[in-house]
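In: Take this sequence and fold it.
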Amino acid sequence: MIFRPAYFPNIETFSEMIKSKHIILETNDFFEKQTYRTRCHIYSPNGLLMMNIPIKHQKKEHQFTKDVLLENDFAWQKNHFKTIQNSYRSSPYFEYYEDEIENLYRVKEQFLLDFILKSIELSYKLLQIPFDYQNTETFEKLLPNDFRYLIDAKKESTAHFKPYTQVFHVKNGFIPNLSILDLLFSEGPNSANHLIA
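Out: Residues are numbered from 1 along each chain as shown. This next block holds a predicted model:
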């Protein structure tokens, strides 16, 4: 199955990824705006919140995703981790994963792709699932088992998700298909079972 790497991918993407025995990650496509490559949604005290990774914009019309540089002139990593802390510190499993997630945000990467691959690798580690994947060598327009469309943040998911208890569900109700972080902080070791249910 082929996927486009995303920043702490959403539950629908992870559900499809863990069903695959071997994953191919698309790393030879052109970068597109308004995708989950640079954003993820979490559950904040005020409801749905998007965290967006800043990148250095080039004058070129087309740029390969693997060449996109992070904008590290301000402390976006520190801000993202603080946002995660403020949103999930009262969740059941935050303290179990806090240190490893904080470590991800402490290392400054130069390229967007390197950072989002690390976010996926860490997610698999916290799910206690081996992460077996390879990167594409060339771009293929049509492939079997193609899940690259899941990267599009403008399209709403049509998948049905089994609800779980979220940290602010009493205040704002259940919000489906958030970042894998939401499921991990809410369900902990049971997260993998939830994804395959």
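In: report the longest helix in the protein, please.
Out: Assignment by DSSP state H gives helix 112-127 as the longest helix of the chain.
In: And the helices in the chain?
Out: 11-19, 76-88, 94-106, 112-127, 169-172, 180-187, 191-196.
In: what does stretch 69-82 contact?
Out: Contact with stretch 69-82 is made by 51, 53-56, 101-102, 105-106, 108-112, 115, as judged by Cβ atoms under 8 Å, 6 or more residues apart in numbering. (C-beta placed from N, C-alpha, C; glycine too.)
In: Any regions of this structure where pLDDT drops low?
Out: 197 (pLDDT under 70).
In: Try it again at 90.
Out: 19-22, 33-34, 57-63, 74, 137-145, 153-162, 169, 171-172, 195-197 (pLDDT under 90).
In: Quick check: the gap between Gln77 and Asn145.
Out: Distance of Gln77 to Asn145, computed by Cβ to Cβ, to the nearest Å: 33 Å.
In: How about Ser44?
Out: 34 Å.
In: More neighbours: these two, which one.
Out: Just comparing Ser44 and Asn145: by other Cβ atoms under 10 Å the higher neighbour count belongs to Ser44, 18 against 11.
In: From Leu178, how far off is the nearest residue to that one once chain neighbours are set aside?
Out: Leaving aside its sequence neighbours, Ser44 sits nearest to Ser87 (Cβ to Cβ, 6 or more residues apart in numbering; 4.6 Å). According to Cβ to Cβ, Ser87 stands 10 Å off from Leu178.
In: what does Met50 give?
Out: Taking Cβ to Cβ, one finds Met50 at 10 Å from Leu178.
In: Those two: which is more packed in?
Out: More neighbours surround Leu178 than the other of Met50 and Leu178, with 21 against 12 (other Cβ under 10 Å).
In: who's the closest residue to the more buried one other than its chain neighbours bridged to?
Out: Distance criterion Cβ to Cβ, 6+ apart; nearest residue to Leu178, sequence neighbours excluded, is His41 at 5.1 Å. Beta-bridge partners recorded for His41 (DSSP bridges): Met50.
In: Count residues in the vicinity of Glu95, would you?
Out: For Glu95, using other Cβ under 10 Å, the count is 11.
In: Could you do Leu113 as well?
Out: When neighbours are counted by other Cβ under 10 Å, Leu113 registers 21.
In: so what's the nearest residue to it once chain neighbours are set aside up against?
Out: Residue nearest to Leu113 in three dimensions, not counting chain neighbours: Lys66, with 5.0 Å by Cβ to Cβ, 6+ apart. Shown in contact with Lys66 (Cβ under 8 Å, 6+ apart): 27-28, 111, 113.
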